[in-house]
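Q: here is a sequence together with a model predicted from it:
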2 protein chains.
Amino acid sequence: MPDRGAGQKPTSGEGLLFLTDDQLRRGIEAMFFAYRGFTADPDRILQQYSYGRAHHRAIHFIKRSPGNTVNNLLDILGVTKQSLNRVLRALIEDGLVESRVGKQDRRERHLYLTESGQELEKELSEAQRGRMRAAYRDAGPEAVAGFRQVLEQIMDPEMRSHFKTFKENS
Amino acid sequence: MPDRGAGQKPTSGEGLLFLTDDQLRRGIEAMFFAYRGFTADPDRILQQYSYGRAHHRAIHFIKRSPGNTVNNLLDILGVTKQSLNRVLRALIEDGLVESRVGKQDRRERHLYLTESGQELEKELSEAQRGRMRAAYRDAGPEAVAGFRQVLEQIMDPEMRSHFKTFKENS
DNA sequence: AGTTTATGTCAGCCTTGTTGACTTTCCAAG
DNA sequence: CTTGGAAAGTCAACAAGGCTGACATAAACT
């Protein structure tokens, strides 16, 4: 496997070795394998309720900012309204999510988790946090800071702003 | 949004603040948003060839260790053979991947990228590396080390061993 | 000779994404 | 007060890419 061409250049004798194509490739594979682990535990739980990852994402972000409109959620999740609607309809029918007509603008629907919605959310997020907590603990606070820093750079700028908005909200 | 119950405990007055549920939630959302960015550029390219992410993954890992058997690839990708086969068949028909009968064990098929396979791989990986390189550069080497460390902890152990095996191979 | 292994393939199902077309509701500007 | 357009919901159709189950073949192993 040759192909050492691209971003190599020993620009100056110093420590830019972390920018070699090989290092980047490792980062890419790490993202791939880690994301699988990241979703594995919630996926197992969701299966028992015959829900999918899409339901988890909706539940997460409704819990995250209750009262959000559908349009807002659409923006965050980056899917079409038809796609979200299918998921949302199931969650509403099953009594996990409540959709309230807006007071100022009555076209808008504001989304909230019901009691049982909160329960499922807790089950899912506790499973996911469990793994994250173990990873964080093993890696230590400096590693975690780096982790978050790199992830933030990988995001699309719009998503970065979503992410940052969330931060402030908390 | 209360729910501060779970992993909190100010165990000792010191700096375990990075293990709070809130910090974990931020890490979780960072993973979600970052993964979207991570796949965005290759996805755009793949669309032009009417391929999907599954094709990208296959191409990546064939490039990564040429001559690998189908079974091996199955293990790494964590999908069923039927699922992989569909993707592999397309890539072989389109002349991007070559499948050679094993010499010792003639039941095995060993997979290689053809010339055009290499070309697409290069286009895809350069796009993906571009974003990663920018992220790495902005975050700096210490952050990158932490990033990789945390990701490795998030993986399932089997995947971690896959990942480490790859490291040594390079 | 019989069993196991590696691979491929057919058929069918599910989730979750997409587009496009259309309706209903309802705010707000003319 | 009417009308334009935004927000939301719905229907239909489709595609990618997961899955299971059943079965076929060739080769290797015992």
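A: All right, it came through fine. Numbering: from 1, shown residues only, chains lettered A, B, ... in the order given.

Q: report the contact partners of residue A:91.
A: When contacts are counted by CB atoms under 8 Å, 6 or more residues apart in numbering or on different chains, residue A:91 is found next to A:55, A:58-59, A:97, A:117. Yep, even glycine has a C-beta here, placed from its N, CA and C like the rest.

Q: reduced to three states, what does the closest residue to DNA strand D within chain A come out as?
A: The nearest approach of chain A to DNA strand D comes at residue A:71, 3.0 Å away (CB to the nearest atom of the strand). The three-state label for residue A:71, taken from DSSP: H, G, I helix; E, B strand; the rest coil, comes out as helix.

Q: what is the neighbour count of the nearest residue to it once chain neighbours are set aside?
A: What sits nearest to residue A:71 in space, not counting adjacent residues and going by CB to CB, 6 or more residues apart in numbering or on different chains, is residue A:108, at 7.5 Å. Counted with other CB atoms under 10 Å in any protein chain shown, the burial measure for residue A:108 works out to 16 neighbours.

Q: and stretch A:47-60, end to end?
A: Terminal residues of stretch A:47-60 are spaced 16 Å apart (CA to CA, to the nearest Å).

Q: give me the residues contacting it.
A: Contacts with stretch A:47-60, where a contact means CB under 8 Å, 6+ apart, come from A:39, A:42-43, A:46, A:73, A:77, A:79, A:83-84, A:87-88, A:90-91, A:96-97, A:113, A:117, A:120-121, A:124-125, B:28, B:32.

Q: only the buried subset of these, as a ChimeraX command please.
A: Applying 16 or more other CB atoms under 10 Å in any protein chain shown to these leaves a buried subset, and the ChimeraX line that selects it is:
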select /A:39,42,43,46,73,77,79,84,87,88,90,91,96,97,113,117,120,121,124,125 /B:28,32
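
Q: which sections of chain A are below the confidence cut-off?
A: Counting by pLDDT under 70, chain A shows low-confidence ranges at A:1-14, A:165-170.

Q: in the longest helix anywhere in chain A, what's buried?
A: Longest helix of chain A, by residue count under DSSP state H: helix A:21-48. Neighbour-count burial for helix A:21-48, with 16+ other CB under 10 Å as criterion, is recorded at A:21, A:23-43, A:45-46.

Q: thinking again about what came up before, so the residue nearest to residue A:71 touches residue A:99, yeah?
A: No - shown here, residue A:108 and residue A:99 do not form a contact pair, counting by CB atoms under 8 Å, at 10.0 Å.

Q: quick check: neighbours shared by the two?
A: residue A:70.

Q: I'd like to know which elements the helix or strand where residue A:126 lies is packed against.
A: With elements delineated by DSSP states H and E, residue A:126 resides in helix A:115-139, which encompasses its position. Counting contacts by 3 or more CB pairs under 8 Å, 6 or more residues apart in numbering or on different chains; DSSP states H and E, the secondary-structure elements packed against helix A:115-139 are helix A:21-48, helix A:53-64, helix B:21-48, helix B:141-154.
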